[in-house]
Structures are given as C-alpha cells and as structure tokens.
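K.L.:
My questions concern the predicted model and sequence given below.
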Amino acid sequence: MRILLTLCLAALALTATVHARELGWSQYQNARFGYVVGIPPGFSGYGESDNGDGQTFDIASRGQVLSVWGSMLLEESFEAAVKARMGYAERDGWNLATQTVTPQWANFSGVLGQRMFNTRMILLCDGQSYAMMTVQYSVIHAGEMRDRLPQLEDMFRAKGC
C-alpha cells in the first residue's frame with residue numbers, strides 16, 4: 001500500500017512539473033541538500049549562495065521575491081524547527097495568518113503592512129535537514145501569487161528519496 005501511495009504521489013508531482021514547464025516555468029535543483037523547486041516565468045536568479053544552501057529569485061519591478069534554502073535541523077524535531085521559524089517571523093513584526101504543520105511539511109503565511117509572505121518547509125530525505133521556500137510580495141499582487149502558490153508547493157520537494 002505504501003509503495004502504491006508513493007508511486008501515485010510521484011506521478012502527481014511529475015504531472016505538475018510537466019504542466020508548469022509547458023507554462024514557462026523553470027526549475028532549480030539544490031545538490032547540497034537534495035531538493036528541487038519550480039521557478040515561475042519572469043523570475044530571475046542571483047546565483048546559488050556561497051555555501052550552496054539555496055538561491056533567491058525575483059521580479060524586481062513587481063517586488064516579488066522567491067527564496068529557497070536548506071538547513072540542518074538544529075531543533076529536536078521538524079515541528080520544532082517550524083515553530084522556531086514562525087517565531088522569527090513574528091519577532092520581525094509579521095502577523096501570522098495561516099499555519100499548517102505536519103511531521104513532513106508545513107505551510108504558514110503572514111502580513112506586514114502592504115507585504116505578504118507564504119512559506120513552505122519540507123523535511124528532506126535524510127530526516128536531519130529541511131528545505132524552506134518563502135515568497136514575499138505586495139498585497140496588490142496577492143491574487144496573482146495565490147494562483148501560483150499551488151504549483152510552487154507541488155514542485156517544491158525532496159529529491160532522491
């Protein structure tokens with residue numbers, strides 16, 4: 001049963017990837033931590049960070065920023081790492097709007113003035129590290145980003161499990 005479920009999820013991810021590429025999306029793969037993310041059309045990358053943990057992409061003229069990176073779990077669990085990241089956002093003045101936390105993935109979002117963010121965190125294959133994707137944008141682009149979020153979430157996954 002577990003194998004069948006894994007095959008079904010892989011097929012869905014492949015279908016989402018193929019559909020997104022047809023719409024002009026590209027892909028960033030991180031070799032250090034083993035994750036992959038879809039990059040929407042129009043976003044430009046600034047090159048991988050010096051330590052190889054991730055990259056930032058943006059559409060500067062629209063104030064839209066997509067950041068992805070990996071990290072080792074420093075907390076006792078993935079859920080504790082998520083809670084710590086949500087705490088950092090609140091400390092920085094963001095009002096958290098939504099949050100869903102599971103043992104394997106988490107989503108949370110927030111608002112600060114005229115800015116919004118959506119974050120997705122995933123536990124990676126080794127169980128000792130995670131990847132995080134954050135999209136920041138202006139409230140005037142909220143509808144556009146809401147339409148992109150499902151594809152971003154579908155294409156953000158651990159690689160090689």
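P.N.:
Looks like it came in fine. This structure is a prediction, so every number in the text was calculated from the model and none was measured.
K.L.:
dump the residue contacts of the residue most central in space within the chain.
P.N.:
For the chain, Met133 is the residue whose C-alpha lies nearest the centre (C-alpha atoms, centre = their mean; 2.5 Å). Listed by C-beta atoms under 8 Å, 6 or more residues apart in numbering, the contact set of Met133 reads 37, 66-68, 119-121, 152, 156. In short, each C-beta sits where N, CA and C put it, glycine included.
K.L.:
so where does it fall, helix or strand?
P.N.:
Assigned by DSSP states H and E, Met133 belongs to strand 129-138.
K.L.:
all helices for the chain, in order.
P.N.:
2-22, 78-91, 142-155 (DSSP state H).
K.L.:
Apart from its neighbours in sequence, what residue is nearest Gln29?
P.N.:
Once flanking residues are discounted, Gln29 sits nearest to Val36: 4.7 Å by C-beta to C-beta, 6 or more residues apart in numbering.
K.L.:
Would you mind naming the residues that bridge with the one you found?
P.N.:
On the basis of DSSP bridges, Val36 is bridged to Gln29, Arg157.
K.L.:
Correct me if wrong: it contacts Leu152.
P.N.:
No: taking contacts as C-beta atoms under 8 Å, Val36 lies outside contact range of Leu152: 11.8 Å.
K.L.:
Name the residue in those two with the higher neighbour count.
P.N.:
Leu152 (21 against 18; other C-beta atoms under 10 Å).
K.L.:
so what's the more buried one scoring on pLDDT?
P.N.:
Leu152 is assigned a predicted lDDT (pLDDT) of 94.
K.L.:
So what's the residue count around the nearest residue to it once chain neighbours are set aside?
P.N.:
Counting by C-beta to C-beta, 6+ apart, Gly38 is the residue found nearest to Leu152 once chain neighbours are left out, at 6.1 Å. Using other C-beta under 10 Å, Gly38 is surrounded by 24 other residues.
K.L.:
Isn't Gly38 up against Phe156?
P.N.:
Yes: the pair Gly38 / Phe156 is scored as a contact, 7.2 Å apart, by C-beta under 8 Å.
K.L.:
the bottom helix or strand of the protein by mean pLDDT?
P.N.:
None of the helices or strands of the chain scores lower by mean pLDDT, DSSP states H and E than helix 2-22, at a mean of 44.
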